[in-house]
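Asks: using only what follows, build the 3D model:
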Amino acid sequence: DIKALFYIPSFHSEKYGMERMGPGVSLYSRKVLIEHKSQDILPDWLRFIKGVVDSEDLPLSISREKAQDTALIQKLRKALTRKIITHITKMAKKQTDRYKDEFYGEYQFFLKEGICQDYEFQEPLSKLLYFETSKTPKGEITSFDEYVGRMTPDQKEIYYLCAPSRDLALESPYLEVFEQSGKEVIFVYSAIDDFVMANLEKYQGRTLISAEKSDIDVVNNNHDDGKDKDGDDKDGEDSSSSSSPTKLSTEEATELCAWIQKTMPEQVSICKVTTRLASSPAVVTDNESSAMRRMMRMVDADSQSGGREGMPLPKQQLEINPNHPIIVGIHSIKDKEPTLAKVLTAQIFDNCLMAAGLLDDSRSMLPRLNDILLTVVKGANDHVSADSSDSGGDTATEEDDATTTTTGTTTTTDRKKEE
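Replies: Okay, the predicted model is just below:
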């Protein structure tokens, strides 16, 4: 016989860096207090719950300060946890707006913590999660069930993208292939979301896949149909792509990948061509979780004296877009201007790390960026000087023509006067 009274406050006290809350439920037996704020009644992730539990079937220890039957306490713990999850699930179904605005906005962190800690209740807890997606308006969140309901029949996986904010997620190069194929992507913004996805692995038999993976099976309409925007076949153009200034041929792309690996042996493990990109020159794929790396750096910070040397970045898998002007330009100058080509390649690699959230300190790019800006300014000045020289010669020619014309006109006038 179990009697329980639970209360969910309108807010919790762990926000804004305040200390971690302790258990909030006390244990009674026959209306006699046995343990104040017991740690055994509910799992740690439900510490925001306040209330009391009274049971007449609990065998007590000799001191009457602790329940004696541990197995019975475990059964009691599971039964109460299941009851609380059922109550929250009913709220999410019957009072969806209230659940999203009042409960989920305040206590979503605890639900996600429960998924990472309490594997027995992962499935019911995953149904309570809500996220923004690439197809929902800003500020509107959707559940896994709603996402699955909008999936196309050919989509077998659930895709998610980790980013600091929605704006950065929409600008991410990892999103390009999904936009082109019309696939919806879940946006996750906090570090714990990354751990939630890794712990869940699947939802209703569908695998959760990060958009940063290299083996994503998504059809890219801009590359797979073999046609341009007007529907014309491009096979004839591809056969002569080596002479095209806007695209690298297969041989040129392979050659450039080999050159990049040779140029950056300490940073790049594999370099290959990809069709997943449209407006970005390159990405790194199959990289470690940026959230995990940040957490490891925080844990390791106290034992380090030399800064980030304690957490070296492993070699990355780089994928380049052979259609991008920057990639095409690097291929064209790598033999003529090898130093500039290496600087540009290093900058592209750092841009990829920044897009993946793996760049530990962006200040390391400043000297290189200054060199690139200096090269651009010098090139612009040379161009302006060349234009000025050309315009000066044209002006002199025009002045000579004008003098000849004026002289001819004067001569004609003098002849008329003599006549």
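
Asks: going forward, measure contacts and count neighbours with C-alpha atoms only.
Replies: Will do.

Asks: all helices for the stretch 101-250 of the chain, in order.
Replies: 105-117, 122-126, 144-150, 166-170, 176-181, 191-200, 221-224, 235-239, 250-263 (DSSP state H, counting those that start in this stretch).

Asks: TSV for those, including mean pLDDT and distance to Pro23?
Replies: Below are the helices of the stretch 101-250 of the chain laid out as TSV (pLDDT from 0 to 100; distance: least, C-alpha to C-alpha, whole Å):
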stretch	mean pLDDT	distance to Pro23
helix 105-117	94	13
helix 122-126	95	20
helix 144-150	95	30
helix 166-170	94	35
helix 176-181	92	44
helix 191-200	89	22
helix 221-224	48	53
helix 235-239	42	67
helix 250-263	94	54
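
Asks: in CSV: those, plus mean neighbour count and distance to His36.
Replies: Formatted as CSV, the helices of the stretch 101-250 of the chain follow (neighbours: other C-alpha atoms under 10 Å; distance: least, C-alpha to C-alpha, whole Å):
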stretch, mean neighbour count, distance to His36
helix 105-117, 18, 22
helix 122-126, 17, 27
helix 144-150, 14, 38
helix 166-170, 16, 44
helix 176-181, 18, 53
helix 191-200, 18, 31
helix 221-224, 14, 62
helix 235-239, 11, 76
helix 250-263, 17, 63
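
Asks: how about Ala79, secondary structure?
Replies: With DSSP: H, G, I helix; E, B strand; the rest coil as the basis, Ala79 sits in helix.

Asks: that one: how many residues sit nearby?
Replies: 14 (other C-alpha atoms under 10 Å).

Asks: pLDDT below threshold where in this structure?
Replies: 59-69, 219-245, 288-311, 390-419 (pLDDT under 70).

Asks: and the strands in it?
Replies: Using DSSP state E, the strands found in the chain span residues 2-7, 25-29, 32-35, 50-55, 130-133, 142-143, 158-162, 185-188, 202-203, 206-210, 268-273, 282-285, 316-320.

Asks: please identify the most buried of those strands.
Replies: Between those, strand 282-285 has the highest mean count of neighbours, a mean of 26, where neighbours are mean count of other C-alpha atoms under 10 Å.

Asks: parallel or antiparallel, list what pairs with that one.
Replies: strand 316-320 (antiparallel) (DSSP bridges).

Asks: so which bits of stretch 149-156 are buried?
Replies: When neighbours are counted by 16 or more other C-alpha atoms under 10 Å, no buried residue of stretch 149-156 is found.

Asks: end-to-end on it?
Replies: Stretch 149-156 has an end-to-end distance of 12 Å (C-alpha to C-alpha, to the nearest Å).

Asks: just to revisit the earlier point, just send the strands of the chain back as a markdown table, with distance to Ile88 too.
Replies: What follows is the strands of the chain, written out as a markdown table (distance: least, C-alpha to C-alpha, whole Å):
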| stretch | distance to Ile88 |
| --- | --- |
| strand 2-7 | 12 |
| strand 25-29 | 18 |
| strand 32-35 | 26 |
| strand 50-55 | 15 |
| strand 130-133 | 14 |
| strand 142-143 | 14 |
| strand 158-162 | 24 |
| strand 185-188 | 22 |
| strand 202-203 | 19 |
| strand 206-210 | 24 |
| strand 268-273 | 47 |
| strand 282-285 | 38 |
| strand 316-320 | 43 |
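
Asks: among these, which is nearest Pro43?
Replies: strand 25-29 (10.7 Å; C-alpha to C-alpha).

Asks: for the closest one, the distance to its chain's centre please.
Replies: 45 Å (C-alpha atoms, centre = their mean, to the nearest Å).

Asks: chain neighbours aside, what residue packs nearest to His324?
Replies: Spatial nearest neighbour of His324, excluding adjacent residues (C-alpha to C-alpha, 6 or more residues apart in numbering): Pro281 at 5.5 Å.

Asks: contact partners for Leu125?
Replies: Counting by C-alpha atoms under 8 Å, 6 or more residues apart in numbering, Leu125 touches Ile85, Leu111, Lys112, Gly114, Ile115.

Asks: farthest pair in these?
Replies: Top of the distance list for the contacts of Leu125 (C-alpha to C-alpha): Ile85 and Lys112, 13.0 Å.

Asks: re earlier: switch the helices of the stretch 101-250 of the chain over to CSV; also include distance to Asp335.
Replies: Output for these, formatted as CSV (distance: least, C-alpha to C-alpha, whole Å):
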stretch, distance to Asp335
helix 105-117, 52
helix 122-126, 54
helix 144-150, 49
helix 166-170, 35
helix 176-181, 31
helix 191-200, 42
helix 221-224, 29
helix 235-239, 24
helix 250-263, 10
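
Asks: nearest to Asn321, of the ones you listed?
Replies: Taking the helices of the stretch 101-250 of the chain one by one with C-alpha to C-alpha, helix 250-263 is closest: 8.9 Å.

Asks: roughly how far is that closest one from the heart of the chain?
Replies: Using C-alpha atoms, centre = their mean, the offset of helix 250-263 from its chain centre is 27 Å.

Asks: packing partners for that helix?
Replies: strand 268-273 (3 or more C-alpha pairs under 8 Å, 6 or more residues apart in numbering; DSSP states H and E).

Asks: what strands line up against the strand it packs on, and which way round?
Replies: strand 316-320 (parallel).

Asks: re the thing from before, and the residue nearest to His324, how many neighbours?
Replies: 22.

Asks: again with His383
Replies: His383, neighbours per other C-alpha under 10 Å, totals 11.

Asks: against Thr89, how distant is it?
Replies: 67 Å.

Asks: now do Cys352
Replies: Taken as C-alpha to C-alpha, the span from Cys352 to Thr89 is 41 Å.

Asks: between those two, which is the more surrounded one?
Replies: With neighbours defined as other C-alpha under 10 Å, Cys352 and Thr89 compare such that Cys352 has more, 24 against 18.

Asks: quick check: closest non-adjacent residue to the more buried one.
Replies: Nearest to Cys352 is Val283, by C-alpha to C-alpha, 6+ apart, at 5.0 Å.

Asks: please determine how far the residue nearest to Tyr7 when sequence neighbours are not counted is located from Ile8.
Replies: The shortest distance from Tyr7 to any non-neighbouring residue, by C-alpha to C-alpha, 6+ apart, is to Lys50 (5.1 Å). Separation of Lys50 from Ile8 (C-alpha to C-alpha): 6 Å.
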